[in-house]
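>>> Would you be able to build a 3D model of this:
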Amino acid sequence: MSKAVRHFLDLWRLDGTELRIILEDAKARKAARAGWPKGKPDEDHPARGRTLAMIFEKNSTRTRFSFDAAMRQLGGDVIISNAVDMQLGRGEPIEDTARVLSRMVDAIMIRSNVHEDVERLALWSSVPVINGLSDKSHPCQILADLMTFEEHRGNVYGKTFAWVGDGNNVCSSFIHAAPKLGFKLNIASPAVFHPDMMDLARAAEQQGHVMTTHDPVEAVRGADCVITDTWVSMGDTDHDERIEALEPYQVDDKLMSVANKDAVFLHCLPAHRGEEVTDSVIDGPASLVWDEAENRIHAQKSILAWCFGAI
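Residues are numbered from 1 along each chain as shown. Now for the predicted structure:
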């Protein structure tokens with residue numbers, strides 16, 4: 001009997017043990033590479049002879065470069081295409097794309113505008129599919145975030161994370177992770193940008209400690225980590241309405257002062273300085289955003305290794 005394909009679509013689909021294995025492997029791989037040239041492959045070469053296809057429906061800097069670097073450091077190769085340059089962009093069913101690419105590559109990473117397309121791709125693919133970002137979630141980013149926190153502050157279990165701003169796709173993946181890894185999550189958002197109710201219900205079913213509020217001070221008070229994201233994402237057409245609703249949710253020094261004294265700040269980038277975060281916070285001593293950006297490589301290497309059955 002053939003082994004089940006390991007897709008990486010959402011954090012709620014994995015159990016806490018699997019997520020912990022990926023996180024520990026990522027930290028170990030990063031430590032083992034200390035002082036190495038960035039292009040030198042890892043010693044175990046878990047992707048040797050394998051090719052990753054990357055499909056982008058949305059513009060990307062960190063996802064594109066980090067997955068490319070990750071696959072090469074694992075000893076593999078990559079093929080990159082924008083969806084508009086494929087038959088997929090001209091109406092070919094994603095089911096057909098999945099079956100064709102499964103004959104040509106060993107894994108597929110997709111950055112999609114529609115989460116259901118990611119799930120359909122995985123349903124029809126016989127090789128692992130990785131959600132590089134969708135409108136519903138961003139699981140790779142959250143593993144990089146949690147890895148970054150643990151590098152500086154230890155295990156996330158029992159810690160308090162505060163999300164401030166739009167209850168968006170990144171927020172959803174934090175909700176997915178909280179009950180799996182045992183951290184508390186406080187979410188402050190305006191009613192119009194409240195987190196997904198299905199995500200909150202799933203976390204409650206799993207006895208997750210997730211609290212929602214409209215008050216950013218209530219969410220951040222005593223937190224070990226403060227996180228935000230851009231208020232206006234690619235494709236959003238309601239710029240002015242978003243800015244007006246989210247203006248009270250800016251992460252500034254005053255808001256950070258009510259968090260724990262050694263609290264850290266995370267942002268998946270790109271940041272709109274002066275909107276969701278001030279220069280003094282993102283460039284300040286609490287900010288780990290540059291480690292966070294680098295750790296996309298290491299976390300995604302371990303996601304790939306997990307998909308390939310190497311860990």
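>>> okay, how far is it across stretch 240-254, tip to tip?
25 Å (Cα to Cα, to the nearest Å).
>>> ok now it, how far from the chain's centre?
Taking the mean C-alpha point of stretch 240-254 and that of its whole chain, the gap between them comes to 22 Å (Cα atoms, centre = their mean, to the nearest Å).
>>> and what of stretch 256-265?
22 Å.
>>> May I see the buried residues of that stretch?
Of the residues in stretch 256-265, 256, 258, 259, 260, 263, 264, 265 count as buried by neighbour count, 16 or more other Cβ atoms under 10 Å. Bear in mind the C-beta positions are built from the backbone N, C-alpha and C, glycine included.
>>> Make CSV from the residues you listed and add distance to residue 112 to it.
Converted to CSV, the buried residues of stretch 256-265 look like this (distance: Cβ to Cβ, whole Å):
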residue, distance to residue 112
256, 34
258, 37
259, 34
260, 36
263, 33
264, 30
265, 28
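>>> which of the residues you listed sit farthest apart?
258 and 264 (14.5 Å; Cβ to Cβ).
>>> all strands for the stretch 151-300 of the chain, in order.
160-164, 184-188, 210-213, 225-228, 264-267 (DSSP state E, counting those that start in this stretch).
>>> Run through the stretch 1-150 of the chain and note the low-pLDDT ranges.
For the stretch 1-150 of the chain, applying pLDDT under 70 flags the ranges 1-2, 85-90.
>>> Okay, helices next: where are they in it?
Secondary structure of the stretch 1-150 of the chain (DSSP state H, counting those that start in this stretch): helices at 16-32, 62-73, 94-102, 115-124, 139-153.
>>> now, of these, which is deepest in the fold?
Sort the helices of the stretch 1-150 of the chain by mean neighbour count, taking mean count of other Cβ atoms under 10 Å, and helix 139-153 sits at the top with a mean of 23.
>>> Quick one: list the elements packing against that helix.
helix 16-32, strand 129-133, helix 169-181, strand 225-228, strand 264-267, helix 289-307 (3 or more Cβ pairs under 8 Å, 6 or more residues apart in numbering; DSSP states H and E).
>>> who touches the fifth one?
Think strand 264-267. 145, 148-149, 152-153, 224-229, 251, 256, 276-277, 281-282, 284, 286-289, 292 (Cβ atoms under 8 Å, 6 or more residues apart in numbering).
>>> rerun at 6 Å
Residues external to strand 264-267 that are found in contact with it (Cβ atoms under 6 Å, 6 or more residues apart in numbering): 145, 225, 226, 227, 228, 281, 286, 287, 288, 289, 292.
>>> Of these, which is the nearest to residue 209?
Using Cβ to Cβ, those come closest to residue 209 at residue 225, 14.2 Å.
>>> So which bits of stretch 150-166 are buried?
Quick answer for stretch 150-166 (16+ other Cβ under 10 Å): 150, 151, 153, 156, 159, 160, 161, 162, 163, 164, 165, 166.
>>> which ones are touching the residue lying closest to the fifth one once chain neighbours are set aside?
Excluding the flanking residues, the one nearest residue 159 by Cβ to Cβ, 6 or more residues apart in numbering is residue 224, at 4.4 Å. Under the criterion of Cβ under 6 Å, 6+ apart, the neighbours of residue 224 are 159, 160, 260, 263.
>>> Backbone torsions only: list them for residue 224.
With angles defined as degrees, to the nearest 10, residue 224 shows backbone torsions of phi -90, psi -20.
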